[in-house]
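A.B. asks: model this:
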Amino acid sequence: SARSRDRRATLAARFLASDAAAELSDSGAASRCVDHIIAYGCDVDADRPLRVSPRKIESFLLRWLPRRVILLPEEGEAMPHVLAAWIRWAGPRHGLPEVAVNATLDALWEATSAFTTSYLDVSASFGLPSEVVQRLLPDGDLSALPRRMFAFPLLTSDLLAESEDEFDPSTREGRRALLRLDHFGEYDSPVKHKGKHSTGAPAGPAADSAATEEALDAHERLAERLWEGDPPQLWSAAERLLDRGFERPVVLRMLMEVVEDAEPGEDIAARLDEL
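C.D. replies: Reported below is the predicted structural model:
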């Protein structure tokens, strides 16, 4: 929610303005790192971002972070130092005695070497060039990688290496260009929608063009939802269908039918669960 985002941003700003953060040399990397630290505390640790402990630090650094977030090299280098500053700043604010703060710092430094190794291993396992990963994960959300590759598979292609601006998924024009290329590479004819989504236009070139644009509109709406993970059941349904042997064009069509046939404001989660 907007309130939650504002609260997290305020907390990050207070930390970055504190004496504990004064020695962090790269303020941009520090800001991005502390956003992840706060997100973990809010989303995983029962909305307790200020709570620090040896076990929590190890879980964040060695398990959650490598599996959820893509860090730029400078962010990976900065993370242990930002985390140390966060422990010194947040610990006392959460009522942690000095001896416990020091024990948590010891746990951090013991985990740092393993963090560097495990994080490099996870990053190397993608088999994708770093610039491709950055295109797919501009927000660094590693959990989004599979569904975004499914939504925009051409983003992983060398075909786009020299046309990044033209195929930027963060813009409507870029998404449209990606999907137009993808659409005609996979479909013999545009996806047809029944009932309220039928144009009722007569047959002929103009009707074909209108149907094509309507199909692209539907594809774009679905791709945007997959990119954002909205709702989460959308990607769960896609994975389930793919696991059962359905080809990607068929899965796209099935998902589109659910999304496009929904009434305004209708919760489509239950219908997706039934697929």
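A.B. asks: remind me, longest helix of this structure?
C.D. replies: With secondary structure taken from DSSP state H, the chain has its longest helix at helix 98-124.
A.B. asks: what residue ranges in the stretch 1-150 of the chain score low on pLDDT?
C.D. replies: 1, 120-128, 130 (pLDDT under 70).
A.B. asks: And the helices in it, which stretches?
C.D. replies: Per DSSP state H, counting those that start in this stretch, the stretch 1-150 of the chain carries helices over the ranges 2-16, 27-43, 54-59, 65-68, 73-93, 98-124, 130-136, 145-151.
A.B. asks: and those helices as JSON lines, adding mean neighbour count?
C.D. replies: Every residue, glycine included, has its C-beta placed from N, CA and C. Compiled in JSON lines, these are given as follows (neighbours: other C-beta atoms under 10 Å):
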{"stretch": "helix 2-16", "mean neighbour count": "14"}
{"stretch": "helix 27-43", "mean neighbour count": "19"}
{"stretch": "helix 54-59", "mean neighbour count": "17"}
{"stretch": "helix 65-68", "mean neighbour count": "18"}
{"stretch": "helix 73-93", "mean neighbour count": "20"}
{"stretch": "helix 98-124", "mean neighbour count": "15"}
{"stretch": "helix 130-136", "mean neighbour count": "17"}
{"stretch": "helix 145-151", "mean neighbour count": "19"}
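A.B. asks: Among the ones you listed, which comes closest to Gly265?
C.D. replies: Nearest of those to Gly265, taken as C-beta to C-beta: helix 2-16 at 19.6 Å.
A.B. asks: From the rest of the structure, what touches that closest one?
C.D. replies: 21, 27, 30-31, 34-35, 38-39, 42, 49, 85-86, 89-90 (C-beta atoms under 8 Å, 6 or more residues apart in numbering).
A.B. asks: If we use 7 Å, what do you get?
C.D. replies: Helix 2-16 has contacts (C-beta atoms under 7 Å, 6 or more residues apart in numbering) with 21, 30-31, 34-35, 38, 42, 49, 86, 89.
A.B. asks: Over to stretch 253-262?
C.D. replies: Applying C-beta under 7 Å, 6+ apart, the set of residues contacting stretch 253-262 from outside is 191, 193, 197, 218-219, 221-222, 225, 234, 237-238, 241, 268, 271-272, 275.
A.B. asks: Mind checking which of those are buried?
C.D. replies: Using 16 or more other C-beta atoms under 10 Å as the burial test, the contacts of stretch 253-262 include 191, 193, 197, 218-219, 222, 225, 234, 237-238, 241, 268, 271-272, 275 as buried.
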